[in-house]
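Novice: model the following, please.
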Amino acid sequence: MNKDFKLNDKVIMKKQHACGENMWTITRDGVDIKIKCDNCGREVMLDRLEFIRKLKKVISLEKKES
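Specialist: Below is the predicted model:
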């Protein structure tokens, strides 16, 4: 699985948010990761290890250059 992520990437988490959505956008990248729900706009901050553990898939917005 691709665990490389950066700012403004869309990610799918293993569990859904209370609003029913599991698609999030990364809004802060560092020791802590802040993600924003694409459905309701709620922001959650997780430490990096917890974020990686709960991450299911990364959908990169930029195309990777070969």
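
Novice: helices of the protein, start to end?
Specialist: Per DSSP state H, the chain carries helices over the ranges 48-54.

Novice: center of it, which residue is that?
Specialist: Taking C-alpha atoms, centre = their mean, the centroid of the chain lies closest to residue 11, which sits 3.9 Å from it.

Novice: bridging residues for that one?
Specialist: Beta-bridge pairing of residue 11 under DSSP bridges involves residue 24, residue 58.

Novice: ok, it to residue 20 distance?
Specialist: 17 Å (C-beta to C-beta, to the nearest Å). Heads up, the C-betas are built off the backbone N, CA and C, glycines and all.

Novice: which stretches of this structure aren't confidently modelled?
Specialist: Scanning the chain with the threshold set as pLDDT under 70 gives 1-3, 61-66.

Novice: repeat that for 80
Specialist: 1-3, 60-66 (pLDDT under 80).

Novice: ok, now which ones touch residue 11?
Specialist: Residues counted as contacts of residue 11 (C-beta atoms under 8 Å, 6 or more residues apart in numbering) are 5, 23, 24, 25, 26, 35, 55, 56, 57, 58, 59.

Novice: so which of those comes closest to residue 15?
Specialist: Nearest to residue 15 among the contacts of residue 11 is residue 56, at 9.0 Å by C-beta to C-beta.

Novice: wait, that closest one sits on residue 14?
Specialist: Yes: look at residue 56 against residue 14 with C-beta atoms under 8 Å: they come within range, at 4.8 Å.

Novice: shared neighbours of the two, anything?
Specialist: In contact with both residue 56 and residue 14: residue 22, using C-beta under 8 Å, 6+ apart.
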